[in-house]
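Give me a 3D structure for the following:
(chains A and B, ligands or ions: 2)
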Amino acid sequence: MAAEQTISPASKATSGPNWLLRDLAGLAVILVLAGIGYLLFPNNLALLTRITAIALLVLSLDLVTGYCGIATLGHAALFGAGAYAAGIAAAHFGITDPIIMVVIGAIGGAAAGLLAGAIMLRGHGLAQLVLSIAIVYLFHETANKASGWTGGSDGLAGISPDPVFGLFGFDLWGRTAYVFGIVLLVLVFLLLRVLVRSPFGMLCRGIKEDPVRVSAMGASVNATLLRMYVISGAVAGVGGALNAISTQVVGLDSLSFTTSAEALVMLVLGGTGSLYGGLIGTLVFMWFEDFVSSINPFHWLTIVGALLIAVVLFAPSGLYGTAVQLLQRIRDKR
Amino acid sequence: MSTVFEARHLNKSFGGLAVAKDISISLARGDRVALIGPNGAGKTTFINLVTGHLAPDSGTVMFDDADVTALSPTKRVRQGLVRSFQVTRLFSEMTPAEHVALAVLQRTGRSGRMLGNFQAMQDVMAEVQESLHSLGIDHVANRRVSEIAYGQQRLLEIALALALRPKVLLLDEPAAGVPQSDTSRIETALAALPADLAVLMIDHDMDLVFRFARRVVVLAAGAIIFDGSPQEVTQDMRVREAYLGNYANARSAA
Ligand SMILES: Nc1ncnc2c1ncn2[C@@H]1O[C@H](COP(=O)(O)OP(=O)(O)OP(=O)(O)O)[C@@H](O)[C@H]1O
Ligand SMILES: [Mg+2]
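Numbering: from 1, shown residues only, chains lettered A, B, ... in the order given. Ligands and ions are numbered 1, 2, ... in the order given. Predicted coordinates:
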């Protein structure tokens, strides 16, 4: 046994005392990277904004998969619901204030999360995975059929958001959209870091490890998971709304099976259950996708596939998880 | 006597195998009852029937003078009917401090809070500290459970159950799998359980049973064959036949 330790927050605790430092460092890294992206790729801000929107989807997925242990291949349903909610509000109801559109996107996503969660939580394991796929197909088909509202396969156009605070108009280069997206990402990220450290977050981690133990402590497993699903939906919905605002269209691909599967891949690539891993996975995957497909548009999927196999086999806890383990090993040695 | 808990005529079979046959047991405040019996006698099944993890084919479970047979396991826990598990069920990635904190937060209706952290909640931290200290595992409070010794994990199981402030505590082999050198800590913990708590403990270690229990219930093939004092149980012929013949086996298997 190790030397005497007091119970006051110490090194090995999953929620140690340095969490504030760590989150501030994380925040600084996000802002620095965002600044570098802005300076280095001024002509590619649209891609960077899309990465930001997808990062919100992956964060949202991390909440249910990484913190609650629910594997889903249908999470884009929540992202797309947010995108369509914000887009429809703008195109059909003239609600074009970007901040209100984000709020509507969050509500749309949360409602989709409630529905998806209520269905998904009736199954377990494989059945649950199949339910998630069924849900995203149903959402996709509904959006396709309701073309009067959604534009169907042509996409929903006619979204022209007002300037942010009436001051910063959405320009052709996508500068405003990019900054708007980064601000949303940072805000959501900080809120989620608070959430996962809270008693509720701890309860979810418990459920992920052993739902029977949690119920033997008197907590209701399904009610907790459903709440997390609604929160996750709101986060995905913010990402969807950001996508609608920045691209000014909403397409059916925003609630596709492919987007759902890619989000899961990004999460696994970066590492589940830390929020940091999700961000890293999204950045690496989407940057890699863009980079490789510009060199070789025909084989990029093959290369991405090979990369993924390498990560899953050699770094099963993802890029972030593996890095943390390595650091810990170095620190333990000293 | 104030009865807090009563199982009435519980029956359960899996397929053709009857694992609970007309089981009736009642517990009063402050009771210390040992439930013993050979491997596969249906002891764990009895706990599952009582906690609601399994539904009985027939029979009722009374708790605090109310019929709780139809209540979900979580509702029973909230009323004070708490169990531990024969094979440790803990959250391997969490620390003992987090475990106890979660139980305290749950009991006090704060486990759904989305702001703040238990380490900033003084009353929770005080209770966590006091609980882990009294069981002698405060020095590993902030290690991952996967990194602490099995005996310490068993003690944490007890800490978790107690943090829920139960009225009735059902312990399923609290010392199972613990090296002989460490069982004394568990025995100390058992001796220090709150005096008015009703405890039913399953165990194969007869020395522990005889020191702990003031009443022994023997289960064999799903039926109660003895319910009486520890002194009488060794003299009971039926128990000898059904159980003590297997005692050596049971002990080496445990
Ligand atoms: N879910 C189940 N489905 C089918 N059979 C079961 C189930 N649970 C238990 N059994 C059977 O019921 C019988 C009683 O099991 P139980 O676990 O209650 O025994 P026990 O007295 O706790 O034994 P031990 O001392 O080994 O823990 C065993 O024959 C077991 O195989
Ligand atoms: Mg058993």
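
other SSEs contacting the biggest helix by length in chain A?
Determined from DSSP state H, the single longest helix within chain A is helix A:221-247. When contacts are defined as 3 or more Cβ pairs under 8 Å, 6 or more residues apart in numbering or on different chains; DSSP states H and E, helix A:221-247 packs onto helix A:45-65, helix A:76-93, helix A:98-120, helix A:175-197, helix A:199-209, helix A:211-216. In short, each C-beta sits where N, CA and C put it, glycine included.

Does the nearest residue to A:Ala315 once chain neighbours are set aside lie in a helix or a strand, and which?
The spatially closest residue to A:Ala315, leaving aside those adjacent along the chain, is A:Thr322, at 4.1 Å (Cβ to Cβ, 6 or more residues apart in numbering or on different chains). Assigned by DSSP states H and E, A:Thr322 belongs to helix A:318-333.

just how off-centre is that helix within its chain?
Its chain's average C-alpha position is 24 Å from that of helix A:318-333, according to Cα atoms, centre = their mean, to the nearest Å.

same thing with stretch A:35-54?
Averaged C-alpha coordinates place stretch A:35-54 at 17 Å from its chain's average position (Cα atoms, centre = their mean).

just stretch B:217-229 next, same as before
Worked out by Cα atoms, centre = their mean, stretch B:217-229 lies 18 Å from the chain centre.

Then stretch A:88-104?
In this view, stretch A:88-104 has its centroid 21 Å away from the chain centroid, taken as Cα atoms, centre = their mean.

and if you look at stretch A:156-173?
23 Å.

Is ligand 2 within reach of stretch B:10-21?
No. Applying Cβ under 5 Å from the ion, one finds stretch B:10-21 separated from ligand 2 by no less than 10.8 Å.

first to last residue in that stretch, what's the distance?
Across stretch B:10-21, the terminal residues are separated by 7 Å (Cα to Cα, to the nearest Å).

related to what we said a few turns ago, how deep is the residue nearest to A:Ala315 tucked in, by neighbour count?
Other residues near A:Thr322 number 16, with proximity taken as other Cβ atoms under 10 Å in any protein chain shown.

So for stretch A:69-76, could I get the coordinates as PDB, restricted to C-alpha?
What follows is stretch A:69-76, C-alpha atoms only, in PDB (Å, rounded to 0.1, in the frame of the first residue of the first chain):
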ATOM      1  CA  GLY A  69     -22.100   3.600 -22.000                       C
ATOM      2  CA  ILE A  70     -24.800   3.700 -24.600                       C
ATOM      3  CA  ALA A  71     -23.500   2.900 -28.100                       C
ATOM      4  CA  THR A  72     -25.500   4.500 -30.800                       C
ATOM      5  CA  LEU A  73     -25.200   4.700 -34.600                       C
ATOM      6  CA  GLY A  74     -28.000   7.200 -34.900                       C
ATOM      7  CA  HIS A  75     -26.900  10.300 -33.100                       C
ATOM      8  CA  ALA A  76     -27.000  12.500 -36.100                       C
END
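
re earlier: what's the helix holding A:Thr322 in contact with?
With contacts defined as Cβ atoms under 8 Å, 6 or more residues apart in numbering or on different chains, helix A:318-333 is touched by A:267-272, A:274, A:276-277, A:280-281, A:284, A:311, A:315, A:317.

And for A:Met266, the neighbour number?
Other residues close to A:Met266 by other Cβ under 10 Å number 28.

no no, B:Gly52
There are 21 residues near B:Gly52, going by other Cβ under 10 Å.

So it is in contact with B:Arg83, correct?
No. Under the criterion of Cβ atoms under 8 Å, B:Gly52 makes no contact with B:Arg83, lying 10.1 Å away.

Contacts only, for B:Ala20.
For B:Ala20, the contacting residues are B:10-13, B:42, B:45-46, B:49, B:56, B:59, B:222, by Cβ under 8 Å, 6+ apart.

can you do 7 Å?
Listed by Cβ atoms under 7 Å, 6 or more residues apart in numbering or on different chains, the contact partners of B:Ala20 are B:10-12, B:42, B:45-46, B:49, B:56, B:222.

Against ligand 1, how distant is it?
To ligand 1, B:Ala20 is 8 Å away according to Cβ to the nearest ligand atom, to the nearest Å.

Go ahead and confirm B:Val104 touches B:Ala126.
No. The criterion here is Cβ atoms under 7 Å, and B:Val104 misses it with B:Ala126 at 9.6 Å.

Poorly predicted segments of chain A, please.
Residue ranges of chain A with pLDDT under 70: A:1-17.

What residues does chain B have near ligand 1?
For chain B, the contact set with ligand 1 under Cβ under 6 Å from any ligand atom comprises B:14, B:19, B:37, B:39-45, B:86.

and the residues you listed, which are buried?
The neighbour-count criterion (16 or more other Cβ atoms under 10 Å in any protein chain shown) marks B:19, B:37, B:41-45, B:86 among the residues of chain B next to ligand 1 as buried.

Inside helices: which ones of those residues?
Secondary structure from DSSP H places B:43-45 of those in helices.

Between those residues, which sits nearest A:Ala306?
Set against A:Ala306, the nearest of these by Cβ to Cβ is B:Thr44 (48.3 Å).

for the closest one, what are its contacts?
B:86, B:172.

And for A:Gly158, nearest residue in space, chain neighbours not counted?
Distance criterion Cβ to Cβ, 6+ apart; nearest residue to A:Gly158, sequence neighbours excluded, is A:Ala91 at 4.2 Å.

my read: that neighbour touches A:Ser160, true?
No. A:Ala91 is not in contact with A:Ser160 according to Cβ under 7 Å; the separation is 8.8 Å.

more crowded one of the two?
Higher neighbour count among A:Ala91 and A:Ser160: A:Ala91, with 23 against 11, using other Cβ under 10 Å.

Would you mind stating the distance between the more buried one and A:Leu57?
Distance of A:Ala91 to A:Leu57, given as Cβ to Cβ, to the nearest Å: 22 Å.

what about the longest helix of chain A, distance to the chain center?
With Cα atoms, centre = their mean as the basis, helix A:221-247 stands 8 Å off its chain's centre.

give me the number of residues near A:Leu114?
Neighbour number of A:Leu114 under other Cβ under 10 Å is 16.

what's the answer for A:Ala28, then?
A:Ala28: 10 surrounding residues under other Cβ under 10 Å.

do A:Val268 as well
25.

Please name the residues that touch it.
Neighbouring residues of A:Val268 by Cβ under 7 Å, 6+ apart: A:312, A:318.

let's see 10 Å
The neighbours of A:Val268, taking Cβ atoms under 10 Å, 6 or more residues apart in numbering or on different chains as the test, are A:61, A:65-66, A:71, A:277-278, A:281, A:285, A:308, A:311-312, A:316-319, A:321.

ok, B:Val104 and B:Ala126, which is more surrounded?
It is B:Val104, of B:Val104 and B:Ala126, that has more neighbours when counted by other Cβ under 10 Å, with 25 against 12.

residue contacts, the closest residue to B:Leu115 other than its chain neighbours?
Distances taken as Cβ to Cβ, 6+ apart place A:Ser198 nearest to B:Leu115, at 5.8 Å, with adjacent residues excluded. Contacts for A:Ser198 (Cβ under 10 Å, 6+ apart) come out as A:15, A:204, B:105, B:110-118.

Contact residues of the stretch 151-300 of chain A facing ligand 1?
Residues of the stretch 151-300 of chain A that fall close to ligand 1, judged by Cβ under 6 Å from any ligand atom: none.

For chain B, give me its nearest residue in the stretch 151-300 of chain A.
In the stretch 151-300 of chain A, the residue that lies nearest chain B is A:Gly218 (3.6 Å; Cβ to the nearest Cβ).

what's the helix or strand containing A:Leu39 packed up against?
Element membership for A:Leu39 (DSSP H and E) is helix A:19-40. Secondary-structure packing of helix A:19-40 (3 or more Cβ pairs under 10 Å, 6 or more residues apart in numbering or on different chains; DSSP states H and E): helix A:45-65, helix A:175-197, helix A:276-295.

can you list contacts of that helix?
Contacts for helix A:19-40 (Cβ under 10 Å, 6+ apart): A:9, A:13, A:16, A:18, A:44-45, A:47-49, A:51-52, A:55, A:175, A:178-179, A:181-183, A:185-186, A:189-190, A:193-194, A:197, A:274-276, A:279-280, A:283, A:287, B:117, B:119.
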